[in-house]
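> Need the 3D shape of this:
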Amino acid sequence: MKHLQTCIPNHDKNKLFLGQPLKEITSLKEIYNFTYPEIMSHAKTVDVIWFNERRLPSAFFEIEHSTNIEHSLVKFYELQDFSATLHIVAEGYRQKQFAKLMEKSIFRPLKKQVKFVTYDKIVNQYTQMCRLPSVDTI
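Predicted coordinates:
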């Protein structure tokens, strides 16, 4: 819908989005090798990556259903030099936890680049985009 290629890690391929396995939704079977090996090792574990037409990351998404948000922020710290948006996606009640973590000195450089997005916002945006393909809110 956004004319971006999507990549997810192999261990998540059978997880569902709106009842459909992610392997049927993702457009890439493997991640593009877009940077140095030590940074790629972090990128390969990100839950969802959107790539632009030049095969560079446009957005990174970490889905935090039950895991520690801090681990995702550490990954994002390693990916901060890319001109890509960084998203933590979780239940709304976890936004306070996210805000508290963003106050730590190590994560301050990420403050303008990392966004917290609720599951509801993702579903609402997807629903809007299905109706109006030109809508672009994330």
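> Which positions within stretch 91-101 qualify as buried?
Residues 94, 97-98, 101 are the ones in stretch 91-101 that count as buried (16 or more other CB atoms under 10 Å). (Each C-beta comes from the backbone N, C-alpha and C, glycine too.)
> Closest one of the residues you listed to residue 70?
residue 101 (5.6 Å; CB to CB).
> Let me know the next secondary structure element after whatever helix or strand that closest one lives in.
Using DSSP states H and E, residue 101 sits in helix 95-102. Once the chain leaves helix 95-102, the next helix or strand it forms, by DSSP H and E, is strand 114-118.
> where's the residue most central in space within the chain relative to residue 86, distance?
By CA atoms, centre = their mean, the chain has its centre lying nearest to residue 61, at 0.8 Å. Per CB to CB, to the nearest Å, residue 61 is found 8 Å from residue 86.
> Each with direction, which strands does the least confident helix or strand in the chain by mean pLDDT pair with?
Sorting the helices and strands of the chain by mean pLDDT, DSSP states H and E puts strand 16-17 at the bottom, at a mean of 84. Using DSSP bridges, the strands paired with strand 16-17 are strand 20-21 (antiparallel).
> what sits up against the strand it pairs with?
13-15 (CB atoms under 8 Å, 6 or more residues apart in numbering).
> just checking, next helix/strand downstream of that strand?
Next along from strand 20-21, by DSSP H and E: helix 37-43.
> Give me the mean pLDDT for that next one.
Per-residue pLDDT over helix 37-43 has a mean of 96.
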